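Asker: Generate coordinates for the sequence data below:
(chains A, B and C, ligands or ions: 8)
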Amino acid sequence: MEQMNLADQRGSQVSISPGSRALMVAGAVIWLALFVFGLHGLYDRLAFGSLKTAMDSYIPWGLWVSSYIWFIGLSAGSFLLSTLVYVFKLKQLEKVAPLALVVALITLIMALLSIWFDLGHMGRFYRVYLHPNFRSAMAWMVWLYTAYFVLLIFETYFALRASLVRGRSLPGLAGGISRLLTGGRQQALSEEEVRRDRRKVTILATVGIPLAIAFHGGVGALFATVVARDVWHTAIYPIIFLVGAFLSGGALFTGLIAFFWPKRDDYWRATVRLLGRVTLGLLLLEALLTWAELSVPMWYGVGPEYEELKYMLFGPYGWVFWVVQLGLCTLVPLILLVSGGKSPRATGWAGILIAVTFLSTRLNLVLPGLVTPELAGLQFSYHDGRLIYNYLPSWPEWQLLAFVISVGIALFVFAVKMLPTLTGRDVA
Amino acid sequence: MSKNDLLKENGEKTESRRGTLAKGLALGLGLLTLDAWTGKAAQAASGGGQVSKDSEIPTLPPPVDPWQEDVTLVMRQDLKRALSKPVDKRHWGMVIDLQRCIGCQGCTISCINENKLPPGVVYRPVLEETSGTFPNVSKHFLPRPCMQCDNPPCVPVCPVGATYKRPDGIVAIDYNACIGCRYCITACPYSARTFDWGEFYGDIVLSGPLPYEEVPSLEYGKVWVREAGKSPIENTRKCTFCLERVERGLLPACTDTCFGRATYFGDLNDPEALVNRVRQNRQVNQLKSELGTHPSVYYLL
Amino acid sequence: MKSLSRRQFVGGSAAAMAAMGFWASGSFALAAGTKKFTDSDPEQAVLGEEKAVYTSDAFCASECGLKVTTVDGVITTIYGNVHVPYNAGTVCSKGASGKQVVYNPYRLKYPLIRTGNRGEGKFRRASWEEAIQYIAQRLGNIKKKYGPESVIMDGGDMTDQTPYWRLFYYYGTPNCAQHGAICDTPRRVGPYLVEGGMRIEPDLMRPVLVRQPDGTLKNDYSYQNKLIIYVGWNPFTATRINYESRGTVAAKQNGAKVVVVDPAFSNTAVHADKWLPIRPGADADLFAAMLRYILANNNPVNPERRYVDPGYLAYSTGWPEFETEFRSWWDKKDPVNNLPYFSLEWGAQRTGLAGEDIAELAHMFGITKPAALVWGMNGTGHHFNGEVTSTLGTALNVITGNFDVPGGVIDTALVRSDKGGNDGTDYIKGKVIERTVNGKTVTGKAWDLEMDNNGDWPAAFWGALGAYPKQFKEGVKIAYGPFAGYSYPIKGFFVRGGNPASSGSTIQRWHDVLTAKDGNGNYQTELVAYVDTAYLETGMYADVILPEASYLERMGLSDIYPSEPVMYLRDVVVPPLYEAKNQVEIMNLLAKALHDAGDADIQGKDFWDKYKKEEDFWNEMLLKSPGRNNVGTPLPYPQYPEGYKILGTPDSLEAGKVKIDSAKKVVQGQPLTAEWLRAHNGVAVWPMAWYRHQAKSGGIISTKSKKMEFHFGYLEAVNKLIQQSGGTVPYMLQKIGLSQFPTTFFWYETVWNPYTNPNYAKYKQEYPFQLISGRIHQSMSATQYVDWLGRISGEHLWMPLNEEKTVHPTVLNEKGVEVLAGTKRIRAGSWSVAVIQMNAGDARQLSLKTGDLVKLRNPQGEETQGRIMASEFIRPGVLRVPPGAGNRTSPGLGQTYEYRQTTPSSNRLLDPDLSSPITGMSTYNDMVVKVIKV
Ligand SMILES: Nc1nc2c(c(=O)[nH]1)N[C@H]1C(S)=C(S)[C@@H](COP(=O)(O)OP(=O)(O)OC[C@H]3O[C@@H](n4cnc5c(=O)[nH]c(N)nc54)[C@H](O)[C@@H]3O)O[C@H]1N2
Ligand SMILES: Nc1nc2c(c(=O)[nH]1)N[C@H]1C(S)=C(S)[C@@H](COP(=O)(O)OP(=O)(O)OC[C@H]3O[C@@H](n4cnc5c(=O)[nH]c(N)nc54)[C@H](O)[C@@H]3O)O[C@H]1N2
Ligand code: SF4
Ligand code: SF4
Ligand code: SF4
Ligand code: SF4
Ligand code: SF4
Ligand SMILES: [Mo]
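Answerer: Ligands and ions are numbered 1, 2, ... in the order given. Presented below is the predicted three-dimensional model:
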């Protein structure tokens, strides 16, 4: 049986059409370009510290913090999606759940990389472990991620162990990795062992739910607890973060399944449709919350929040909201999901579009809180390129983000290649 | 009636809500103009000590100022007393008299000098608040050091406890512990924290640091040489109340040099200290005190 | 320059460790809070050698006392010297920025010799030897060919020009100018004519050292002022008189009222009880209306109307004549508004203020004693008729009994310590020379060739720098004195510490004359030498540039504007960087070179042999300190005879270690020296007194009659000189219809003012804005290459309205060649630049908003360009720009230079042909413009 499957797989590799080969080459070239572009950002960061960023002391958090909450949201979202299977026993997604876990892991790594690069003293991150201040929402964050990270590793391992053992005989690197991960194990797992692993996964996933909610709601709280920033300082912020995580994570996964699931069968179609519907629901919920977030403080057109949100909507970067967040991240996907609901391709595009442009939503959560002076006239008191209320990420900032993304893509491709089980290619 | 009297009647120290500062000022200025421009002022003045050509030098009227020495010397005495007490028995505080600040920004630069601040880092900007339309306008200057809050929002947010409250009231940053996450910058309601991005004034001509940028700063009593990747580069920084000077019995740079003699510094726990005496009979305000931050910096309106 | 390595700081020597012992000594162990400092930093806190030097600032003319610290020879902090009562330890933002002057990457480092055309800014590095030879040779040639008087030495804005004056006086030219010549002479005219002084300031300096009844000396910190009126004078920003900053707010808290008369709401207005936004150029009108109100309503028996204090009569002459002349105008009707001159309605019409406000101001000033009426540069000094304003202002202070009384006004020029004497003035005034005039050989004094006093400006007591371009172009025609009829060209221009090519009036003219060529293609001005610390616009026209030590690298003396004699030392904080040299060295080098080239007027005994060290020069000057008479109440030295001149250190005078010379009426204590000053916190302070003008033995009044003169002896003497020389009426007098200088009350209208001068009424419609200037911390030339000062804003004149720019700054390298230093992005809104302050209502009407680029054009077709700052803090119809802060064309200014295209220079728009009739001062503040959106 195993042989068969492997043969199948080889067959399918062989049978790749010239068109998709070209696509793959194109993909590889684009990735390489992204990676090289990103490497330069990495160099800048390591060689010059924060010097090449466009952040300043009035807007001390920018692209990197925004992409960090973007990635962390993707991770939380993917993870929670997997719990639909492991905790809530949703059969339909059974086959894709391990992939969701791996995506959660990879995006978590991307998130951690982003925030690590954002630290002025990267070398001192260990201090959060050795000298934590547990009154700090940020310290909690780090500890919760760490817990989540460990949990994810174990959960993924147990979710994949059975197929890993099967993968030992794969040729090349993939087999080697399987052998490495399963240690001395020669035989396939017994039914009992499989059941036990499954139990472990269920327990871990159950623990993971509050953890994911805690840390991601907590990321929201990290902002919301800052009394000094009117826009952030609202009870709705943690909720927005959570819903955003569900949405972006769900959307990403929808896109991944839609485009990267090798077998375009009925199962695939049904799964994509289901994911699409979930995404649609979350998209509507997110829109509702955004409306609440904007309309409540802005209704009477007074107050500091009003000023800050007005800046977000009508300031120099208003297009980020109108074009990217509202257009590309909300309306276009909405149309695709509603009208193209039956087309997995349309659904997939909607998912990818949301996942990618969700960065804009994150930027629009982080920046408005920072763009107006806390004391009137501060902008005219002492001037410097690092003391202004105007932020546009610098090239090196984009480059470093590109680096993180290219690392994420590489990890994803690597995982999918090395662990065929993730895309259902080893399952009978 | 002089402005002082009017303000006296209006009440003493008020820990008012946001906006009171501005309102108070507007009120003060309003009264003032009225006062000055009704005949009253002139009458009052005409009653006062005539000086005629042949008189001897008149015996000087008792000065309103409660001190007869340069206030910086008085304050140095205050420091001496405070420093003789254990550290947890003193509470450093600053009082800024907005009626005296002339907006010269000398304190801003003196502070940069003292602390060897690089581009982008500023501890004491002087803000200008303006209101009104021609010709009924008003303006005041608001120097803004760190408030050294007694309930400092910047402290609990720090994930590594690098920023902390000392028993003498100063909120300090342990540069060697700070990981540079800038969370505290977002948390400070006064924008009193700025980040050291690693720039040098010499960069403008790419010749690297200028000679005076290589002289270490002595913040918190330690020697800090700015070099790439080393603290305080990539750290958050803020006003230290010039701890390194104060501990030597010297006044903070901004206080020592203040052009309008508008800045007072001393031990808030010492009722005899000038920082407490100058607040008597004056309307006193703290910035954004409604947030419950309990600043150690007071403004006299 | 010895570049300082970081290692030097860590590896300190034992001595250094001892010096910094307190760091290690556990004073910080005490301070340990909830955390120990030493946890994370085991590094021992060791600095290099720390040193403090008492010195004096020269970043503005206020010259505050400083305490500057260095670590391992690098300047680290700048504090005020608390022992100098003038500033009592305070420093402003400029003062605190001094180290950015010293270590400025753009500063002049080596002598340079021009390689390109004048104005082009192309130079090569030269040795001192070569540069000095170059100058000496040309000076020698000029002296031979045209006479030494063909050289102008301009001491610029710096007040310690003495060594250069000495050199050039000995060289033989009487044409040495200093700060006053470009600054504010009309403002000083009133005090100069009336009491022989110059600067009337409120009695606000505190502390003052006062003799007590028990004979001891005590620092007096009390303020007696009851009313201070500042007219076009903004001491809080234009920090000319340091103590007016802390003094005004302190006096106010002590009950004094403060009134500010200014078209703009200046920083001083911020703390005023009343702001009167006067129409520009109408200050004489305000003063005249006040004086009329006071004279008309004065009633000695009504305490509510007892304005005039008759006591002044005993100490003055000529008042009845002055008053009669003044009153004679009251019945005349003004052609501008058909109202009687100086009436309240007339004043209201002209000043744009309410008549009641003028009456109230006059009443308050008349009734409140002590009071002070103070006027400044742009309100007075820079208007064509500023001479009228300051004369009326002086009269107002005197007749109300406020002169030199506690809390009143003090003419600081009359009471400050003496430090002058050996600048060569005596030499040039006594030097006998011959010239051939109309074929006849005439003998006279070298001084009689002085270009202003014997030429177009016979009454310009400080020289008329604004008129220089005309003299460069046309040459000097001597009209008065023994050499009347003689003329000579200007062939050499030696400028030190001044930047007229940017700060002068109508700077295009400076450009024209400095680049003008003769028929042979040679520059008409054969030598332009520039001695400075910064490479600025005037330097771009120079043939030779000498780098001078900055004020923190050289010695000097300060005694500026105090209420009592005070003298403090400018000391060497760090030795001159690069190849810069101090002024005594440069004087000696040039003197030697001239001597060696055969100039017999210059001898070693007067220069290099006499002043072997820099200090020798200043010590010689200190011999004259304080040089003031023992007069006033309380008598400064009751133990010495009243009226005697006091000389010597305060401690020797106190201890009675003196020689009393009754013949010369001098009390001579031990001479003051730099060494003594160093040992005494850098400063000497002698006791204060008031009523010093009343001393029977001859007080402080330094007019010929020793009384306050309302019949102006000085101008009478000038008239006599004119008469004796054939009666040529100076051309500016002709313009205002006078045939001789007025000797009592006089009145003439300012120029380019459509509201007060009928000749300009026609411009009202087409040129609806009056263009004025107002100082900011950044308006002196060199302030603008100080980075920190570009980072603060002020008065809606200097704002972060810069556009985003990527720049490629250049510096002059070792060869003196401008080289690319790098690339830098300047973010929009991150750097302050000069802007045009415009009333917000006016801006709305013109559909302009803050940041818009506009052109200003004057009726003579000249233009400048800058960004609008729409502001509620200025009177409608008025535009205000910072002087000299815009359109800066020298790359030596760094970032400020990068914004030259979008910053305004009002100096481009001035009328070059009009300068004040008596003093020859440029009319920096009389112009109308229209605004054109770009
Ligand atoms: N910070 C700083 N300090 C300086 C200098 C500097 O450049 N910067 N320069 C120094 C020098 S050289 C000088 S001479 C002094 C000058 O000191 P000031 O005379 O005080 O300075 P200005 O700013 O030229 O003029 C004062 C005020 O006059 C107002 N003004 C303009 N036109 C008129 C008018 O027609 N009538 C009236 N009543 N007011 C008018 C302006 O708005 C301005 O606020 O400052 C000295 N100190
Ligand atoms: N439109 C307009 N124009 C004005 C005025 C105005 O109000 N409006 N004000 C006028 C007045 S009051 C004045 S005083 C003049 C000022 O005009 P200037 O006398 O030209 O003064 P600054 O422009 O300050 O230039 C001073 C020069 O001295 C140099 N310098 C500084 N320190 C040193 C030193 O230690 N040694 C040497 N050798 N050089 C040094 C500087 O680099 C600079 O080149 O401007 C006048 N121009
Ligand atoms: S130095 Fe003093 S007067 Fe000047 S701005 Fe600062 S607080 Fe105000
Ligand atoms: S002012 Fe800001 S930085 Fe200072 S103690 Fe308060 S919160 Fe902290
Ligand atoms: S920047 Fe430093 S001091 Fe501020 S919160 Fe982060 S670690 Fe703490
Ligand atoms: S106390 Fe010291 S650190 Fe704080 S603003 Fe003043 S000078 Fe700067
Ligand atoms: S007022 Fe002038 S002399 Fe005094 S500190 Fe400021 S710049 Fe220096
Ligand atoms: Mo001046």
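
Asker: for the stretch 801-934 of chain C, what spans make up the strands?
Answerer: Taking DSSP state E, counting those that start in this stretch, the strands of the stretch 801-934 of chain C run over residues C:805-807, C:810-812, C:818-820, C:824-826, C:833-834, C:836-839, C:853-857, C:863-871, C:878-881, C:928-933.

Asker: shaky segments in chain A?
Answerer: By pLDDT under 70, the low-scoring segments of chain A are A:1-19, A:425-428.

Asker: Show me which residues of it sit near ligand 4.
Answerer: Residues of chain A found near ligand 4 (CB under 6 Å from any ligand atom): none. The C-beta positions use only the backbone N, C-alpha and C, and glycine is treated the same way.

Asker: Can you pull up the most central residue in chain A?
Answerer: Residue closest to the average C-alpha location in chain A (CA atoms, centre = their mean): A:Leu74, at 2.5 Å.

Asker: Which secondary structure element is home to that one?
Answerer: helix A:63-86 (DSSP states H and E).

Asker: before we move on, back to that, surely the residue nearest to the centre of chain A and A:Thr107 touch.
Answerer: Yes. The criterion here is CB atoms under 8 Å, and A:Leu74 meets it with A:Thr107 at 4.1 Å.

Asker: what touches both of those two?
Answerer: The contact sets of A:Leu74 and A:Thr107 overlap at A:Gly249, A:Leu252 (CB atoms under 8 Å, 6 or more residues apart in numbering or on different chains).

Asker: what's the domain layout of chain C?
Answerer: The record's domain parsing of chain C by automatic domain parsing lists C:2-87, C:112-183+C:423-613, C:204-407, C:621-685, C:763-933.

Asker: Switch those domains over to JSON lines; also include distance to ligand 5, mean pLDDT and mean neighbour count.
Answerer: As requested, the domains of chain C are exported to JSON lines (distance: least, CB to the nearest ligand atom, whole Å; pLDDT from 0 to 100; neighbours: other CB atoms under 10 Å in any protein chain shown):
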{"stretch": "domain C:2-87", "distance to ligand 5": "12", "mean pLDDT": "60", "mean neighbour count": "19"}
{"stretch": "domain C:112-183+C:423-613", "distance to ligand 5": "36", "mean pLDDT": "94", "mean neighbour count": "21"}
{"stretch": "domain C:204-407", "distance to ligand 5": "35", "mean pLDDT": "96", "mean neighbour count": "22"}
{"stretch": "domain C:621-685", "distance to ligand 5": "41", "mean pLDDT": "95", "mean neighbour count": "19"}
{"stretch": "domain C:763-933", "distance to ligand 5": "23", "mean pLDDT": "93", "mean neighbour count": "22"}
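
Asker: Those domains: which one's closest to chain A?
Answerer: With CB to the nearest CB as the criterion, chain A lies closest to domain C:763-933 of the domains of chain C, at 4.3 Å.

Asker: and whichever residue of the stretch 651-800 of chain C sits closest to chain B, what are its bridge partners?
Answerer: Residue of the stretch 651-800 of chain C nearest chain B, by CB to the nearest CB: C:Ile792 (4.7 Å). The partner list for C:Ile792 in beta bridges (DSSP bridges) reads A:Tyr382.

Asker: Just to check, it is in contact with A:Asp384?
Answerer: No. The pair C:Ile792 / A:Asp384 is not scored as a contact, 10.8 Å apart, by CB under 8 Å.

Asker: gap between the closest residue to C:Asp852 other than its chain neighbours and A:Val296?
Answerer: The spatially closest residue to C:Asp852, leaving aside those adjacent along the chain, is C:Ile868, at 4.8 Å (CB to CB, 6 or more residues apart in numbering or on different chains). Look at C:Ile868 and A:Val296: by CB to CB, to the nearest Å, they are 38 Å apart.

Asker: Enumerate every residue touching A:Gly348.
Answerer: Neighbours of A:Gly348 in contact, by CB under 8 Å, 6+ apart: A:Thr254, A:Gly255, A:Ile257, A:Ala258, A:Phe259, A:Val272.

Asker: Mind checking which of the residues you listed are buried?
Answerer: Applying 16 or more other CB atoms under 10 Å in any protein chain shown to those, the neighbour count classes A:Thr254, A:Gly255, A:Ile257, A:Ala258, A:Val272 as buried.

Asker: A strand includes the last one, no?
Answerer: To tie it back to what came earlier, the one meant is A:Val272. No. In this structure, A:Val272 is helix, not part of a strand, as judged by DSSP: H, G, I helix; E, B strand; the rest coil.

Asker: what about C:Ser222, which helix or strand?
Answerer: Using DSSP H and E, no helix or strand contains C:Ser222.

Asker: on that earlier part again, mind listing what the residue nearest to the centre of chain A touches?
Answerer: A:Val103, A:Ala104, A:Thr107, A:Met110, A:Ala111, A:Ala245, A:Ser248, A:Gly249, A:Leu252, A:Ala355, A:Phe358.
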